[in-house]
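J.: Following is a predicted model, sequence given first.
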Amino acid sequence: MADVEALLPAAGSGERLGRGPKAFVRLAGRSLLAHAVAALAPSVDRILIAAPPGRLADVAAEAAAAAPTTPVQVVAGGTTRQASVLALLAHASADVVVVHDAARPFLDAASLTAVIAAARDAGAATLAMPIVDTLVRDGGDVIDRSGVWAVQTPQAFQRALLAAGHARARERGDVATDDAGLVRALGRPVALVPGGPHLLKVTTPADLAWAERLAPLLAPDRARS
Ligand code: CTP
Ligand code: MG
């Protein structure tokens with residue numbers, strides 16, 4: 001049985017970016033999906049990917065090109081990120097799973113290793129970054145930012161714990177934007193592992209423009225110009 005599996009939700013439609021499904025959007029000569037797969041492959045035994053409807057074969061081809069020696073399984077995603085992760089979990093079998101957004105192309109090996117190690121110790125862990133900017137509400141009221149973190153991916157879990165979080169959410173109809181939130185809702189702690197700005201998510205056209213400029217620095221082995 002595989003020891004660590006990566007679950008890669010890549011089934012989104014990329015509405016805010018406006019360039020079709022983000023998994024296939026090119027950055028520095030490769031798809032966002034290829035960047036994520038190549039970053040995960042050296043540290044996991046198997047990668048399970050949720051693909052957009054009708055694009056399973058395209059996703060499988062991209063993944064095979066990016067990580068030729070890593071076993072990959074592609075499944076149909078759901079209508080929300082949470083549903084896509086649940087679909088991936090149904091096919092997972094490792095003790096530890098690490099969930100990573102296909103939209104975050106600059107994952108580094110040290111961050112990935114650290115979050116997996118923290119999950120082995122604590123059951124659940126996420127990369128996150130302390131907030132440094134002042135936070136205000138629309139009206140201008142300041143929100144105390146002390147002890148506030150911006151949560152990133154990858155997030156790693158003992159698989160049974162993540163499955164319990166998803167099962168509870170499903171029973172109650174709860175929706176969360178990340179998997180760590182579902183585990184926290186079980187009353188279980190989630191370790192915070194310092195990530196960094198390089199773990200940015202490509203959401204908008206401005207993010208993609210930034211990522212293009214950062215690629216030579218953050219993914220020098222993968223950037224093809
Ligand atoms: N995702 C998924 N299944 C969905 C929705 C999202 O697997 N039904 C994945 C995306 O492919 C992405 C990650 O979850 O890798 C984070 O989602 P997000 O950045 O919101 O991507 P999209 O949903 O594609 O973008 P948008 O919300 O702008 O449509
Ligand atoms: Mg989305």
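T.: Perfect, I can see it now. All values derive from a computational prediction rather than experimental measurement. Ligands and ions are numbered 1, 2, ... in the order given.

J.: Quick one: the strands in the protein, in order.
T.: Along the chain, the stretches classed as strands by DSSP state E are 4-9, 26-27, 30-31, 46-51, 72-76, 96-99, 124-130, 135-136, 142-143, 149-158, 191-194.

J.: By proximity to ligand 1, which residue of this structure wins?
T.: Relative to ligand 1, the nearest point of the chain is residue 12 (2.0 Å; CB to the nearest ligand atom). All C-beta atoms are positioned from the backbone trio N, CA, C, and that covers glycine.

J.: Return the residues in contact with the nearest residue to that residue once chain neighbours are set aside.
T.: Leaving aside its chain neighbours, residue 12 sits nearest to residue 22 (5.9 Å; criterion: CB to CB, 6 or more residues apart in numbering). By CB atoms under 8 Å, 6 or more residues apart in numbering, residue 22 lies in contact with 10, 12, 14, 32, 102, 103, 202.

J.: Report pLDDT for the fourth one.
T.: The score at residue 32 is 98. That number is its pLDDT.

J.: I figured it hits residue 102, correct?
T.: Yes - Residue 32 is within contact range of residue 102, at 5.8 Å (criterion: CB atoms under 8 Å).

J.: any residues in contact with both of those two?
T.: 22, 23.

J.: Buried deepest among the strands of the chain, which one?
T.: strand 4-9 (a mean of 28; mean count of other CB atoms under 10 Å).

J.: Point out the other elements, helices or strands, that it touches.
T.: Contacting strand 4-9 under the criterion 3 or more CB pairs under 8 Å, 6 or more residues apart in numbering; DSSP states H and E are the following elements: helix 32-40, strand 46-51, helix 81-89, strand 96-99.

J.: average pLDDT for the last one?
T.: Looking at strand 96-99 alone, the average pLDDT works out to 98.

J.: Show me which residues of the chain are close to ligand 1?
T.: For the chain, the residues in contact with ligand 1 (CB under 6 Å from any ligand atom) are 9-16, 22-23, 50, 77-81, 84, 101-103, 201, 203.

J.: These in helices, which ones?
T.: 81, 84 (DSSP state H).

J.: Residue 65: what's its closest spatial neighbour, skipping adjacent residues?
T.: Of all residues not flanking residue 65 in the chain, residue 34 sits nearest, at 6.8 Å (CB to CB, 6+ apart).

J.: What is the burial count for the nearest residue to residue 67 once chain neighbours are set aside?
T.: Nearest non-adjacent residue to residue 67, counting by CB to CB, 6+ apart: residue 41, 3.7 Å away. Other residues near residue 41 number 20, with proximity taken as other CB atoms under 10 Å.

J.: same question, residue 181
T.: Neighbours of residue 181 under the rule other CB under 10 Å: 18.

J.: ok, now residue 42?
T.: By other CB under 10 Å, the residues close to residue 42 number 12.

J.: Look up how far residue 108 lies from it.
T.: Relative to residue 108, residue 42 is positioned 11 Å away (CB to CB, to the nearest Å).

J.: show me the contacts for the nearest residue to residue 116 once chain neighbours are set aside.
T.: Closest residue to residue 116 apart from its sequence neighbours, by CB to CB, 6+ apart: residue 156 at 4.8 Å. Under the criterion of CB under 8 Å, 6+ apart, the contact list for residue 156 reads 96, 97, 98, 99, 115, 116, 118, 119, 124, 125, 126.

J.: Distance to residue 72 added to these, as JSON lines?
T.: Listed next are these as JSON lines, based on distance: CB to CB, whole Å:
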{"residue": "96", "distance to residue 72": "18"}
{"residue": "97", "distance to residue 72": "15"}
{"residue": "98", "distance to residue 72": "15"}
{"residue": "99", "distance to residue 72": "16"}
{"residue": "115", "distance to residue 72": "21"}
{"residue": "116", "distance to residue 72": "18"}
{"residue": "118", "distance to residue 72": "25"}
{"residue": "119", "distance to residue 72": "22"}
{"residue": "124", "distance to residue 72": "25"}
{"residue": "125", "distance to residue 72": "24"}
{"residue": "126", "distance to residue 72": "24"}
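
J.: Cool, thanks, signing off.
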